[in-house]
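Colleague: return atomic coordinates for the entry below.
(2 chains)
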Amino acid sequence: DGGITQSPKYLFRKEGQNVTLSCEQNLNHDAMYWYRQDPGQGLRLIYYSQIVNDFQKGDIAEGYSVSREKKESFPLTVTSAQKNPTAFYLCASSIFYSGAEAFFGQGTRLTVV
Amino acid sequence: AQSVTQLDSQVPVFEEAPVELRCNYSSSVSVYLFWYVQYPNQGLQLLLKYLSGSTLVKGINGFEAEFNKSQTSFHLRKPSVHISDTAEYFCAVSAQSSTLGRLYFGRGTQLTVWP
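Modeller: Numbers count the residues shown, from 1 in each chain, chains lettered A, B, ... in the order given. As a prediction, the model looks like this:
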């Protein structure tokens, strides 16, 4: 079945550690996105990528980094510079068209202790 | 840039009652409009979208939405809700002029259906 897979579903890390969230899609979509979700805040865009080896900052990129070495994969690293990393992280993909449906993964809940 | 306002953060209703979830947007360019649903601890799923044509759009699970350009609104409605409709609902827009499908989301409305 085609879709987006995020792993792990739950992640616990100590403060000051970097952590990488995985996102893989087999939908052959060019565009991929990372969103952060906090209660009552909606979804805020962290990074997006339109094509392999290219990515752009979203609205809240500070303390995060990404790579896009393969069309199928768009991992997100939450660095120690991110001041409040505990959140629900969602990966999405779409075709290259502003009217297109975005397909979302099941999310990763990151808790930093 | 675009922005989306969902006027109600929480909407409680009884089963089989009608419901309306309100969404207003702001944009200096023409937009496409979307409603997504999120069940607990899951990703988002598209309910419906408005691209052009008829302003009344029908989606999955019996939901529909009406685009009102003069009021810059895209309210979501269902004539009779079920317990299983309990979820968070997000309104979103994207700029028609953009080649990238970047979405701007509202803060969400939690719909709770009581028996």
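Colleague: chain A contacts on chain B?
Modeller: B:4, B:9, B:32, B:34, B:36, B:41-46, B:49, B:51, B:90, B:94-103, B:105-108 (Cβ under 8 Å from any Cβ of the partner chain). All C-beta atoms are positioned from the backbone trio N, CA, C, and that covers glycine.
Colleague: again, only using 6 Å
Modeller: B:32, B:42-44, B:46, B:51, B:94-96, B:98, B:100-101, B:105-108 (Cβ under 6 Å from any Cβ of the partner chain).
Colleague: so who does A:F88 touch?
Modeller: A:37, A:107, A:109 (Cβ atoms under 6 Å, 6 or more residues apart in numbering or on different chains).
Colleague: just the buried members of those?
Modeller: A:37, A:107 (16 or more other Cβ atoms under 10 Å in any protein chain shown).
Colleague: restricted to strands, list the contacts of A:F88.
Modeller: A:37, A:109 (DSSP state E).
Colleague: follow-up on the earlier one: biggest separation within the residues of chain B next to chain A, which pair?
Modeller: Distance extremes for the residues of chain B next to chain A: the farthest pair is B:Q42 and B:Q96 at 29.0 Å, using Cβ to Cβ.
Colleague: name the residue of chain A that lies nearest to chain B.
Modeller: A:F104 (3.4 Å; Cβ to the nearest Cβ).
Colleague: for the residue nearest to the spatial centre of chain B, grab phi and psi.
Modeller: Closest residue to the average C-alpha location of chain B: B:W35 at 3.3 Å, with Cα atoms, centre = their mean. Dihedral pair for B:W35: phi -120, psi 130, per degrees, to the nearest 10.
Colleague: any stretches of chain A with poor pLDDT?
Modeller: A:1 (pLDDT under 70).
Colleague: where does the residue nearest the centre of it sit: helix, strand or coil?
Modeller: In chain A, the residue lying closest to the centroid (Cα atoms, centre = their mean) is A:W34, at 2.9 Å. Per DSSP: H, G, I helix; E, B strand; the rest coil, the secondary structure class of A:W34 is strand.
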